[in-house]
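Build me a model:
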Amino acid sequence: MCLALPLRGEAPRLAQPIDCTLGEDCYIQNYVDHDPGPGYADFTCGPLSYDGHKGTDFALISRAAMTAGVTVHAAAAGRVTALRDGMTDGVFLEDPAAVKDRECGNGVVIDHGEDWQTQYCHLQKDSVSVTKGQSVKAGAPLGRVGLSGRTEFPHVHVSLRHDGKAVDPFNPDGDHACEEMPRRTLWQDPAPHYRPGGMLSAGFSDAVPAYDHVKSGRAATVHLPADAPALVVWGFAFGGRPGDRVMLEINAPDGSRIISHTVELENPMGLFFRAAGKRRSGSAWPKGVYHGQVSLQRDGQHLGTQHTTVTIGP
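Presented below is the predicted three-dimensional model:
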C-alpha cells in the first residue's frame with residue numbers, strides 16, 4: 001500500500017517508461033494500492049489495483065505486441081544498482097512456484113540519488129541492455145516488455161521508492177483524495193491520463209474464440225468463407241465493474257443489422273472479453289464486408305469503442 005511520506009530531497013520527475021501510445025497500443029492496468037486495509041483502491045478510489053500492489057503496470061494489448069518488441073525506458077536519469085535477466089517468459093502461467101522469490105522476473109533497479117529508486121519488472125528474457133553500475137539518462141533503453149516473473153499479461157511494472165517505501169507518482173502525497181488527477185504528481189507534463197476502464201481490441205471469428213487466443217492477439221480474422229458456420233464479433237476490455245454494459249453489434253454489407261446484443265457484467269474484472277454472433281441458417285452468407293462494433297459503458301458514460309471488419313467471400 002502507499003502511505004503519506006515525508007519526502008526528503010528532490011523527487012525525480014518521471015517520463016513514460018514504455019515505448020507506446022497510451023490509449024492506443026498500451027494502457028495502465030493497475031496502479032499503486034492506496035487502501036490501508038485488506039481491500040484495494042487506486043488513487044482515484046477506483047478498483048484498478050490489487051491488495052498490496054506497489055507500482056504502476058504499463059500493459060500491452062496482446063502477447064503478439066510483446067513478441068514484436070516494445071522497449072522499456074528509464075523514467076529518470078540515474079545509476080543501475082541491480083538487474084536480472086535470463087528468466088523465461090510465461091513460466092508463472094504454467095508453474096507459479098517456479099518464480100518464488102523472483103516475482104519481479106527480469107528487471108532493473110535505478111538509483112536517482114537522495115534515496116529515490118525506480119524498479120522495472122517483467123522484462124523479456126535476454127532483453128536487458130544495461131549493466132550494473134552503468135549511468136543512464138532519462139529515456140535510455142533498459143530492455144523490452146516481457147512476461148517474466150509473477151505476471152499473467154505482458155507489461156512492465158514500474159515501482160518508485162523513497163527510503164525503501166513505495167510512492168505513487170500519481171499521488172505522491174498519499175492523501176487518497178479520489179481525484180482523477182491530483183494537483184501534484186511526479187510525472188513530467190503531460191502526466192499519463194487515467195482511464196477507469198476501456199476497450200482494447202475487437203475482431204470477428206466463426207465461433208466464440210478461446211480466451212487465450214484473444215489475449216495473444218490471434219483470435220481475429222479478416223476473411224471468412226461464405227459457408228462459415230457462424231459470424232461472431234468479440235471485444236477485449238479492461239477495468240470492468242459490476243453493472244458495466246458491453247454492447248456488441250454486427251452490420252451486413254447492405255447496412256442492415258444482423259445482431260445487437262448487450263451483456264451486463266456481474267463482477268469486477270481486470271481483463272475480460274465478451275462475444276455475440278449468429279449461426280448460419282441454410283444458405284450462404286451474402287458476400288461483402290461486414291462491420292462490427294463493441295462498446296463499453298458505465299452508468300451511461302461511454303468508456304470506449306472498438307470497430308472491426310471481416311470480408312466474406314473471395
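
so what's the spatially most central residue of the chain up against?
Central residue of the chain (CA atoms, centre = their mean): residue 59, 3.1 Å from the mean position. Shown in contact with residue 59 (CB atoms under 8 Å, 6 or more residues apart in numbering): 26-29, 153-155, 238. Quick note: C-beta positions are derived from backbone N, CA and C, even for glycine.

Next, please give the residue ranges for the helices of this structure.
For the chain, the helices defined by DSSP state H occupy 63-68, 91-94, 211-216.

which residues are in contact with the shortest one?
Around helix 91-94, the neighbours that count as contacts under CB under 8 Å, 6+ apart are 98-99, 147-152.

Break this protein down into its structural domains.
If you go by automatic domain parsing, the domain ranges for the chain are 26-167, 198-312.

what's the closest of those domains to residue 190?
domain 26-167 (14.1 Å; CB to CB).

What number of neighbouring residues does residue 289 come out with?
By the criterion of other CB atoms under 10 Å, residue 289 has 13 neighbours.

ok, residue 166 touching residue 160?
Yes. Taking CB atoms under 8 Å as the definition, residue 166 is a contact partner of residue 160 at 7.2 Å.

returning to what we had before: looking at the contacts of residue 59, which is nearest residue 13?
residue 28 (18.2 Å).

returning to that earlier point: for the residue nearest to the centre of the chain, give me the pLDDT.
Note on residue 59: pLDDT of 98.

Could you tell me how many residues sit around the closest residue to it other than its chain neighbours?
Leaving aside its sequence neighbours, residue 59 sits nearest to residue 155 (CB to CB, 6 or more residues apart in numbering; 3.8 Å). When neighbours are defined as other CB under 10 Å, residue 155 has 26 of them.

Could you list which residues are in contact with residue 155?
Counting by CB under 8 Å, 6+ apart, residue 155 touches 29, 57-60, 122, 145.

which among those residues gets closest to residue 286?
residue 60 (36.3 Å).

residues in contact with the closest residue to that closest one other than its chain neighbours?
Distances taken as CB to CB, 6+ apart place residue 154 nearest to residue 60, at 4.6 Å, with adjacent residues excluded. Going by CB under 8 Å, 6+ apart, residue 154 touches 59-60, 62-63, 65-66, 122, 145-147.

Repeat the analysis, applying 6 Å as the threshold.
60, 63, 66, 145, 147 (CB atoms under 6 Å, 6 or more residues apart in numbering).
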